[in-house]
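In: have a look; sequence and predicted model below, questions after that.
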Amino acid sequence: MISKMDLTYSATFERFVQWKEQSNEFIDNDLNETETRNKIIDPLFKEVLGWGEKQIDREGHLNSIGYYDYIFSQNDNKFVLEAKREYVTFQMPVSRVVKAKTLKTKYSELYEAIRQGVNYAVPKGINVVVALNGVQLAVTYVHHFHKAAPDTYLFQSHEKIGDDFISFYNLFSPTSKIEDKLTGLLKIEENQILRPRPSFSTKILQKQDMPADVLQNNQLASFLGSIHDKYFAEIINDYELLQKCYCDYEGAHQYEKNIEYVLRDRAPRLSKVVEDIVSDDRVLEETAVTSEITDIRTKKKSADVFDGRFSESRNRSKMFLLIGGAGGGKTTFIHRFFNFILSEEDRVNTVWIYLDCKECAHDTNLDKYVYDKIVDELYEKYSEVLGVFEDKSVLRSVFASDLKKHNAALAFLKDDEREKEQYNIIMDIIKNKEQYVKRIFEYVQNIKGLSTCVVYDNVDQLDASLQEKIFLHGNALKERLRTTVILSLREEVYYEHENDKSFNFSDCDVFHIPAPKVLNVLAKRLKAAKGEFEIDDVLFDIRTSNGMSVTVKKLDIIEVLTQTFLGNNDNALLLEMISNRDVRESLKLFKRIVSSPNVNYDSLLTAAGSSSINSTSDRRVKYEELLRGLALDNRVHYSSDNSKLLNIFRINNDGFFSHFTYLRIFHYAQSNMNLTIGNLPKGFFKLKDMYNECFKYTVKDIDSFMDICLFLQKEGALINLKGTISTINGEDFIMLGPSGYYYLNYLKTNPYYLALVAIDTPIADQATADRIAGLYQRSLNTVDFQRNRRFIDIAKVFAQYLAETEAEELIALKNANCPNMDNPMFQIGDGIKSTLHETENE
């Protein structure tokens, strides 16, 4: 029976507004699943939409599947609702309509919730599944789940529900039929096309007998892996090696001007938050909530201005924020600062505690975790210095104020009884870790005369709500223990919350750690690795690809790597740009490349083993070998789903279905690198303006365009002025990122890259697809020289296809009266073809 509540649209919307205000009080309160249901989900469906209790089936059991959360049923109006706890954030695309299976890689939490709901719905004969975490909502049509058609309609937030409330009401009112309304919405979105979808053939990759086939590791992989794990992973505990390998700010390698520009660290140029921007040519001059950010330009024995600020604050409550890019060296700086840069006197007089917050989770009791770790660190690092854990007279001093309160009562006891009672008093306090740590810190500071510092590291690697909790905990801890606190954050997290009052950065000193250049990092670490081996250290019985056994000097292997990456800027630049100057990621890519069985060391190492190489160039692994190693790792066939290299010619479901959308975005961004809007840093432009100016005719709507840009932003191909990575909107200002610049200016015309991605690209001309497939098949079982010749042939065929496809697109755009048809972004295919032709004739 339908509720007697007023179920009209206007009355329901009024109740929704009230529910939204009430629900906002619970957001970010770490509600568990039961609380999310009781406080958010149940009120939405019962008190707002008017569903009656008898229409709701909760927590029923299906054999071999499990317990579903809700089934809503009113005659033919039925759906399964999969509820998630409020802090299980669904990362969502910007588009309203998506294909659920496309969410699997980038939006796994949302996909898993939908899939779980489908598993419950199918046995019940129900055709609609809803995934809801109290904030975000996905509605999936089960009939389309295993088909190619779009199947899911998204509401990304409470605000999105309000903005599209007519769709929400039509879907979920108990007087509606959700299946009909949902299929209507999906059909409307699906029909928004700008030109008919070409008849793309199956990817050549998918026609292979074993598309996911892998190669055996090359015999150097074990040795190279051991070298990487010691010298090219994060160096924290080996202080001697840390000293050898740390890259100071001075003497950083310089690339050409445009590369240096896109490789800039974000923080120094993000001096104003984007919310302040009102229009393209006017920026409000408001006082920032936060302090000025200072770069730390390290030298051999100096951390620049950070030295002085830290020393000034050593004996008082103070929080320092260290911000930098992902993998930019924040952790390494912290360990180097306390172990080397601090003067000998300051090191001796400072007790510092290191907390690795990657160990924290939502259900972690932060007080218990932090105080337990502090006690452990004090015991492991300062037991002998402090004597707290070994000397009972010291322990009496630590708890002197607590024992003093009991002096009168203790005076009645005999000596042995008095000592036992003192023990009981002390043990009762020790059981309260917060009080215990507080007493130790008071002893360290007041009796021993030492400074204290607690470091919260890797906070940036947690989700937003947990970061906030840890930041607030650190703020409270510095006052509770009257200590200095250092907290490290990624720069994008800092800027995302810069004006968030719950973070209150205004009382912090904020310092930025500039990321070192990858070339400098490799130079120091390869030098350190070389110092480990003697000239007679060898690897015996290394088999080349043709079965020949050779003995190779370990130093010669290091020399090959040194000359490959330090003797050729292009090779180091590949790591630098694809990793987006994330040093940690670049070192992972380095390992991926040098250990890949797709990199052939035969000629180099055979010659190196016999000491027959005299010229420097002979010892360099070729760029195309490194590119294959990076793209393929240990796989036989390239797949963009499993590669560190994007396929920039992939097709998006954007209504125009072009191979050139990514490259056109990169081209537009590069053409604006010298643009200055207001007092914004050079190179930034508004996303919405880019769409309106150049992409209205090639992407069906702004939401689809934002979805495409969000993907590129996550890959580092675009940079958001806010510093955010996982969110984007039309008002955001963005610029070309390092990897975007590299794909546009280096990879799009590289024949070996083109040959890789050709087999992963759906091709609209069957004859072309067949030619590429034939050439590719012949390349799989041939010697290196012939294989490379096949790759170049594949690239030429693919480039010809791209040029022809672009010509067809231009006809469609001309018929749609698209302006600016002479823009170079509409001549990309021709440019690729011409460049390949010129290269071959050189």
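Out: Here it is on my side, so go on.
In: quick check: buried residues in the longest helix along the chain?
Out: If you go by DSSP state H, the chain has its longest helix at helix 784-815. Using 16 or more other CB atoms under 10 Å as the test for burial, helix 784-815 gives 787-788, 790-806, 809, 812-813. To be clear about C-beta, it is placed using only N, CA and C from the backbone, and glycine gets the same treatment.
In: go on, stretch 740-760?
Out: Buried residues in stretch 740-760 (16+ other CB under 10 Å): 740-744, 746-760.
In: what about residue 61, neighbour count?
Out: Residue crowding around residue 61 was assessed by other CB atoms under 10 Å; the count is 8.
In: I figured it hits residue 67, correct?
Out: Yes: Residue 61 is within contact range of residue 67, at 5.3 Å (criterion: CB atoms under 8 Å).
In: in strands, which of the buried residues of stretch 740-760 fall?
Out: If you go by DSSP state E, the buried residues of stretch 740-760 have nothing in strands.
In: looking at those residues, which are in helices?
Out: Using DSSP H, these in helices are 740, 741, 742, 751, 752, 753, 754, 755, 756, 757, 758.
In: could you break this protein into its assigned domains?
Out: Domain segmentation of the chain under automatic domain parsing yields 9-190, 221-247+518-634, 284-364+450-515, 387-447, 661-841.
In: the ones you listed: which one's closest to residue 201?
Out: domain 661-841 (4.4 Å; CB to CB).
In: what about that closest one, distance to the chain center?
Out: 22 Å (CA atoms, centre = their mean, to the nearest Å).
In: now do the helices in the stretch 651-800 of the chain.
Out: Ranges of helices in the stretch 651-800 of the chain, per DSSP state H, counting those that start in this stretch, are 661-671, 687-690, 702-714, 738-742, 751-758, 766-779, 784-815.
In: mind giving me a markdown table with the domains of the chain and columns for distance to residue 196?
Out: Formatted as a markdown table, those follow (distance: least, CB to CB, whole Å):
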| stretch | distance to residue 196 |
| --- | --- |
| domain 9-190 | 13 |
| domain 221-247+518-634 | 32 |
| domain 284-364+450-515 | 40 |
| domain 387-447 | 68 |
| domain 661-841 | 9 |
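In: kindly reformat the ones you listed as JSON lines and extend each row with mean pLDDT and distance to residue 202.
Out: Below are the domains of the chain laid out as JSON lines (pLDDT from 0 to 100; distance: least, CB to CB, whole Å):
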{"stretch": "domain 9-190", "mean pLDDT": "85", "distance to residue 202": "13"}
{"stretch": "domain 221-247+518-634", "mean pLDDT": "79", "distance to residue 202": "21"}
{"stretch": "domain 284-364+450-515", "mean pLDDT": "77", "distance to residue 202": "36"}
{"stretch": "domain 387-447", "mean pLDDT": "87", "distance to residue 202": "61"}
{"stretch": "domain 661-841", "mean pLDDT": "91", "distance to residue 202": "7"}
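In: now, which of the ones in helices among the buried residues of stretch 740-760 sits nearest residue 625?
Out: So of those, ranked by how close each gets to residue 625 (CB to CB), first place is residue 752, at 9.0 Å.
In: ok, now which ones touch that closest one?
Out: Under the criterion of CB atoms under 8 Å, 6 or more residues apart in numbering, the neighbours of residue 752 are 624, 627, 628, 788, 791, 795.
In: closest to residue 772 out of those?
Out: residue 795 (9.6 Å).
In: does that closest one really touch residue 836, like I thought?
Out: Yes: with contact defined as CB under 8 Å, residue 795 reaches residue 836; the gap is 6.1 Å.
In: now for the two: what residues contact both?
Out: 751, 754.
In: nearest to residue 210 among the domains of the chain would be which one?
Out: domain 661-841 (11.3 Å).
In: what's around residue 539, how many residues?
Out: 18.
In: ugh, wrong one, residue 542
Out: Count around residue 542 with other CB under 10 Å applied: 21.
In: name every strand pairing with the strand or helix carrying it and say which way it goes.
Out: Using DSSP states H and E, residue 542 sits within strand 538-543. Sheet pairing for strand 538-543, assigned by DSSP bridges, gives strand 549-553 (antiparallel).
In: buried residues in the strand it pairs with?
Out: Neighbour counts over strand 549-553 (16+ other CB under 10 Å) mark 550, 552, 553 as buried.
In: ok, the last one touching residue 538?
Out: Yes: with the criterion set as CB under 8 Å, residue 553 and residue 538 qualify as a contacting pair; they are 5.3 Å apart.
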